[in-house]
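> no letters, just coordinates:
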């Protein structure tokens, strides 16, 4: 009877569905470390401890977090693809929006994708500083979206009239791809910014890079007039 009384008097810890995977992950890694404590202490010390921690983090924390983030971002990405921007950003009451996923799962691939979509929306709505913050979180290293994210940061700085920074990000975007799309696009943007800065040598250099390294790109077909203009301006400076 006393045992039942104790059970009834205990506080009940009610967990949400979202909390359970995190608790299990923590319990798993703690259990792993406890079970292998003797090995960690006597079997090689620091190196084994580091290996164990990496293994534990990857399989008991990082992987479940990735799965959870993917499940949460799915509907927001679907809304974004349907141009339902408000639902994509804020969620629909049942599914979280891009901002929530980007903030709560910043270290996951899903969180980084959400940060990219959110950053592009912030750029388009004139919130350039916030856009830069989210776009900088996209670092998955692919050859298409990564340059687009870097180039979008260049667009933000261009809109803020910070032209030196804008040009540097455009070049970084172009050089991170080397593909006919989007590299020439950002070389061209860099060249236009250099012309605004009256740095016609650098403008000419990036325009010629487009013709040399991306001769079949759409931008290459119109580079003759840009090159001619840069050379004309250089000639005027030399007079």
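That came through fine. For clarity, every value in this text was computed on a predicted model and none was experimentally measured.
> return the residues in contact with residue 132.
Applying C-beta atoms under 8 Å, 6 or more residues apart in numbering, we find residue 132 in contact with 119, 153, 156, 157. To be clear about C-beta, it is placed using only N, CA and C from the backbone, and glycine gets the same treatment.
> at 10 Å what do you get?
119, 122, 123, 152, 153, 154, 155, 156, 157, 160, 165, 169 (C-beta atoms under 10 Å, 6 or more residues apart in numbering).
> quick one: contacts for the fourth one?
What it means is residue 152. Residue 152 touches 116, 119-120, 122-124, 131-132, 134-135, 138, 169, 173, counting by C-beta under 10 Å, 6+ apart.
> swap in the first one?
Residue 119 makes contact with 98, 102, 127, 130-138, 149, 152-153, 156, according to C-beta under 10 Å, 6+ apart.
> please apply the same query to the fifth one.
The neighbours of residue 153, taking C-beta under 10 Å, 6+ apart as the test, are 119, 123, 128, 131-136, 138, 165-166, 168-170, 172-173.
> show the subsequent helix or strand relative to the strand or helix carrying residue 72.
Per DSSP states H and E: residue 72 is located in helix 63-81. Moving toward the C-terminus from helix 63-81, the next helix or strand (DSSP H and E) is helix 85-90.
> contacts made by that next one with the rest, please.
75-82, 92-93, 95-100, 102, 114, 117-118, 121-122, 124-125.
> out of these, which are buried?
75-77, 79-80, 95-100, 102, 114, 117-118, 121-122 (16 or more other C-beta atoms under 10 Å).
> follow-up on the earlier one: just the contacts of residue 153: which are in helices?
119, 123, 128, 131-135, 165-166, 168-170, 172-173 (DSSP state H).
> residue closest to the middle of the chain?
residue 138 (0.8 Å; C-alpha atoms, centre = their mean).
> that one touches residue 150, doesn't it?
Yes: under the criterion of C-beta atoms under 10 Å, residue 138 makes contact with residue 150 at 8.6 Å.
> burial of residue 227, as a residue count?
By the criterion of other C-beta atoms under 10 Å, residue 227 has 17 neighbours.
> correct me if wrong: it contacts residue 212.
No: using C-beta under 10 Å, residue 227 is not in contact with residue 212; the gap is 11.1 Å.
> about what we covered before: the contacts of residue 153, buried ones only, as a ChimeraX selection?
Buried members of these can be picked out in ChimeraX with the line below, counting by 16+ other C-beta under 10 Å:
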select :119,123,128,131,132,133,134,135,138,165,166,168,169,170,172,173
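> point out where the chain drops to low pLDDT.
1-62, 238-239 (pLDDT under 70).
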